[in-house]
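**Student:** What follows is a predicted protein model with its sequence.
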Amino acid sequence: MNSVNKFEESFKIFFNADVAFSFWKGRVALYAILKALNVGKEDEVILPGYTCVMDINPIKYLGAKPVYIDIEPNTFNMNVDMFEGKITSKTKVIIAQHTYGYVCDMDRILSIAQKHNIPVIEDCCLCVGSTYKGKLAGTFGKAAYFSFQWNKPFTTGLGGMAITSDNVLAERIEEICKLQLVQPSFKEKMMLLAQLMVYRAFIYPETTTMAQSFFRFLTKKGIVVGSSSTCEFEPEMEKDFFKAMSSIQAGTGIRQLDKLEKNIAHRRQMAELYDELLSQNGWPTRNYNKEIMNPVMVRYPVRIKEKDRAIQQAASAGIELGTWFECPLHPIETPLEKYDYKIGICPEAEKAAKETVNLPLHPRVSEKTVKKTVDFITKFNQA
């Protein structure tokens, strides 16, 4: 068994799924699922209006239309009260995005979806290990997809995975992969390997902000393998978009899976410390139903009035401050009109984009980092 197959096998076992399919990026995994579900021209796909634009691209590539639902302010997840009214005869798929690690109200989403006979796909790109009523996020819908990009719950540099226990869907994905999946080039693999080595050696909370800016510069110059390319903001499918995972990514993924339980425990511990320290400073903390949800946060979101000023000061202060989401369809460069988004259709999402920054929780974050980060962020005015 090669490393890619071994990673897929280990991943599906963790989620108790029947099949796992690995890809070069998470958005490729979503594309494979949508294509296998025969999403095409004139179809509609429902998803939250507070997401990454790269999740919209696979929908657009297939000729379908994204239909955006506003979020509820505490968990940043799709407001379930709103989405049934958006279902039409053209609705083909519902994407339940578990934002920041908070799990969607899956009982209500699945109930409405089943009533209308519409499949649900779980977006677990920001959520690994979270549970809803004791069951792992990613195991409720017809399929789920994950991203292993640099700032996700665990990383293989780039990478993605699709899981399903639906035999018909699995057979269709496998068929599509056999016909269309391309292998990454030697150059891409070597560039990614070099980036992984640099990441392991030099990327820490104190250096992350400056490193990200430098990385974006190198990406535009074509010196490193970036998460996104310019053409993806058209939206235009780049050449060889439907790409397989490399053995380098898979080997990293296997090692990350071995550390996943420790990673999850660390994130929960650090999130609880943020809760404690923010509360001591009179700031609001996470607000979710603890009786049904046990989240594993990818990052800790807080709302402030001076988001831009905080981001500008973070790098010089040695603070790792995340900007998710800079606009309803992150990042800020997204030409919203090309993605069927009109300002005003998701006011809570737009408000969150203006106010929300997020604090680090990854395995290199220490108690000292958390305390320093809270000291920094509480100097600003909470929203």
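**Tutor:** Alright, I've got the coordinates.
**Student:** Pretty sure Glu44 sits against Ile94.
**Tutor:** No - between Glu44 and Ile94 there is no contact under CB atoms under 8 Å: 9.9 Å. To be clear about C-beta, it is placed using only N, CA and C from the backbone, and glycine gets the same treatment.
**Student:** Test my guess that Ala64 contacts Lys92.
**Tutor:** Yes - counting by CB under 8 Å, Lys92 is a contact partner of Ala64 at 6.8 Å.
**Student:** name the helices or strands packed onto the strand or helix carrying Asp375?
**Tutor:** Applying DSSP states H and E as the criterion places Asp375 in helix 367-377. Judged by 3 or more CB pairs under 8 Å, 6 or more residues apart in numbering; DSSP states H and E, helix 367-377 is in contact with helix 260-280, helix 307-314, strand 356-360.
**Student:** Pick the most buried one from the ones you listed.
**Tutor:** Across those, averaging neighbours per residue (mean count of other CB atoms under 10 Å) puts strand 356-360 on top, at a mean of 22.
**Student:** if we look at it, which residues are touching it?
**Tutor:** 76, 100, 205, 208, 274, 299-304, 307, 310-311, 320-325, 369-370, 373-374, 377 (CB atoms under 8 Å, 6 or more residues apart in numbering).
**Student:** Tell me where the stretch 51-200 of the chain is predicted with low confidence.
**Tutor:** Counting by pLDDT under 70, the low-confidence segments of the stretch 51-200 of the chain come to 199-200.
**Student:** about what we covered before: now the contacts of strand 356-360: which count as buried?
**Tutor:** Neighbour counting by 16 or more other CB atoms under 10 Å classes 76, 100, 205, 208, 274, 299-304, 307, 310-311, 320-325, 369-370, 373-374, 377 among the contacts of strand 356-360 as buried.
**Student:** quick one: which helix or strand includes Leu196?
**Tutor:** Applying DSSP H and E as the criterion places Leu196 in helix 186-202.
**Student:** hmm, back to that, compare Glu44 and Ile94 and say which is more crowded by neighbours.
**Tutor:** The neighbour comparison of Glu44 against Ile94 (other CB atoms under 10 Å) goes to Ile94, with 27 against 21.
**Student:** how about that one, what does it touch?
**Tutor:** Shown in contact with Ile94 (CB under 8 Å, 6+ apart): Val45, Ile46, Leu47, Phe83, Ile109, Ala113, Ile118, Pro119, Val120, Ile121.
**Student:** Over to Pro184?
**Tutor:** Pro184 touches Trp24, Leu192, Lys243, Ala244, Ser246, counting by CB under 8 Å, 6+ apart.
**Student:** ok, now how distant is the third one from Ala170?
**Tutor:** Spelled out, that is Lys243. 20 Å (CB to CB, to the nearest Å).
**Student:** picking up where we left off before, can you list contacts of the helix holding Asp375?
**Tutor:** 205, 270, 273-274, 277-278, 281, 302, 304, 310, 313-314, 317-321, 357, 359-360.
**Student:** for the stretch 201-350 of the chain, what spans make up the strands?
**Tutor:** Along the stretch 201-350 of the chain, counting by DSSP state E, counting those that start in this stretch, strands occupy 293-294, 299-303, 329-330.
**Student:** next one: the stretch 1-150 of the chain
**Tutor:** Residue ranges of the strands in the stretch 1-150 of the chain, as given by DSSP E, counting those that start in this stretch, are 19-23, 44-48, 51-52, 65-69, 91-97, 120-123, 131-132, 135-136, 143-147.
**Student:** which residues touch the third one?
**Tutor:** Translated: strand 51-52. The contact list for strand 51-52, computed with CB under 8 Å, 6+ apart, reads Gln97, Asp123, Cys125, Phe325, Pro328, Leu329, His330, Pro331.
**Student:** swap in the fourth one?
**Tutor:** Contacts with strand 65-69, where a contact means CB under 8 Å, 6+ apart, come from 42-49, 56, 59-60, 78-79, 82-83, 86, 90-91, 328, 339-341, 345-346, 349.
**Student:** What strands line up against it, and which way round?
**Tutor:** With DSSP bridges as the test, strand 65-69 is paired with strand 44-48 (parallel).
**Student:** And the residue nearest the centre of the chain?
**Tutor:** Here the mean C-alpha position of the chain is nearest to the C-alpha of Cys125 (CA atoms, centre = their mean), at a distance of 3.0 Å.
**Student:** Who are the contact partners of it?
**Tutor:** Cys125 neighbours (CB under 8 Å, 6+ apart): Gly26, Cys52, Asp55, Gln97, Tyr145, Phe146, Ser147, Gln149, Lys152.
**Student:** let's go with 10 Å and repeat that
**Tutor:** Residues in contact with Cys125 (CB atoms under 10 Å, 6 or more residues apart in numbering) are 26-27, 29-30, 51-52, 54-55, 97-99, 144-149, 152-153, 160, 298.
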